[in-house]
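> Can you look at this prediction? I've put the sequence above it.
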Amino acid sequence: MMARIACLIVALFLLGGCYVPAAFEADLNIDKSGKFAFRYKGDLLAVTLLRKLSFGEVTDKDLKEQADVYKRDLARDTGFKKIEHLESAFYRAEFDRQGDIMKEKTFSFVRSNSQFLSVKLRGDGLIELFGNKPPERLVNALIERGFDVRGVFRIWTNAKVISHNAPQSREDSPQKVYQWQIKSMRDTPPSLILQPQ
């Protein structure tokens, strides 16, 4: 038991101030011109707050005050339309953001230092969409503690898709759909490359 706690503590230190999606549904619409809309509805785990709770640095008495710190941190991104502290280090969130990857070059959710999803314009002109996952030590520690990720992620596009690793797809219409049913942080992250026009 002590070894598991020590492993979790070390892993939490390594990850710093990141957020990990929990139960969620997310959609990315990206057209052949590079314009995109990303929507996320679900829960987020504030890893730094979890670390503080694990160390006893945050008590039940000052949890609300500390929880508000991370709520304000998330709210700095205007894409968050709703952020509600649930319990412990968990938040319920709704995120909606539109942009143009041809102009912005990159987009990351939740943060650039804790990427659940990234979209980038590559040097060769292709657009790459890829998921990420926390370091393996953190994944193992969180799963041992009973936390894991569950969710559905879909990409909708009318662009030419060069490659993808989606287990489910519908490619027989102009608006193609690619779907990942994520059951664990250990799953292979989503990946898709498309060619803009």
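The structure has been received and is ready for your questions. Residues are numbered from 1 along each chain as shown.
> those helices in the protein, which residues are they?
2-15, 47-55, 63-75, 101-104, 136-144 (DSSP state H).
> can you pull the buried residues of the second one?
In terms of neighbour count (16 or more other Cβ atoms under 10 Å), helix 47-55 has its buried residues at 47-53. C-beta: built from backbone N, CA, C; applies to glycine.
> can you check the shortest one too?
For helix 101-104, a neighbour-count test (16+ other Cβ under 10 Å) marks Ile101 as buried.
> Which strands or helices does it pack on?
strand 114-121 (3 or more Cβ pairs under 8 Å, 6 or more residues apart in numbering; DSSP states H and E).
> Could you tell me which residues make contact with the most centrally placed residue in the chain?
Nearest to the centroid of the C-alpha atoms of the chain, with distances taken as Cα atoms, centre = their mean, sits Phe116, at 2.6 Å. Counting by Cβ atoms under 8 Å, 6 or more residues apart in numbering, Phe116 touches 20-21, 26, 109-110, 131-132.
> What's the ChimeraX syntax to select whichever of those are buried?
Burial among those is assessed by 16+ other Cβ under 10 Å; the matching ChimeraX selection reads:
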select :20,21,26,109,110,131
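> Any chance of a markdown table for the contacts of Phe116, columns pLDDT and distance to Lys81?
Below are the contacts of Phe116 laid out as a markdown table (pLDDT from 0 to 100; distance: Cβ to Cβ, whole Å):
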| residue | pLDDT | distance to Lys81 |
| --- | --- | --- |
| Val20 | 88 | 20 |
| Pro21 | 91 | 16 |
| Ala26 | 97 | 14 |
| Phe109 | 94 | 13 |
| Val110 | 88 | 14 |
| Gly131 | 89 | 22 |
| Asn132 | 83 | 23 |
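> Next step: the contacts of Phe116 restricted to strands.
20-21, 26, 109-110, 131 (DSSP state E).
> check contacts around the spatially closest residue to Asp68 that is not a sequence neighbour.
Nearest non-adjacent residue to Asp68, counting by Cβ to Cβ, 6 or more residues apart in numbering: His85, 7.5 Å away. By Cβ under 8 Å, 6+ apart, His85 lies in contact with 64, 67-68, 71, 91.
> Restricted to buried residues, select those in ChimeraX.
ChimeraX command restricting these to the buried ones, with burial defined by 16+ other Cβ under 10 Å:
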select :67,71,91
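> what's the farthest-apart pair in the contacts of His85?
Lys64 and Tyr91 (12.8 Å; Cβ to Cβ).
> Can you tell me how far the closest residue to Arg97 other than its chain neighbours is from Met185?
Sequence neighbours aside, Gly79 is the residue nearest to Arg97 in space, at 3.6 Å (criterion: Cβ to Cβ, 6+ apart). Distance of Gly79 to Met185, given as Cβ to Cβ, to the nearest Å: 23 Å.
> What is the neighbour count of Pro190?
Neighbour count for Pro190, taken as other Cβ atoms under 10 Å: 24.
> Contact partners for the residue lying closest to it once chain neighbours are set aside?
Spatially, and ignoring its direct neighbours in sequence, Pro190 is nearest to Gly131 (4.1 Å; Cβ to Cβ, 6+ apart). The contact partners of Gly131, by Cβ under 8 Å, 6+ apart, come to 115-118, 153, 180, 189-191.
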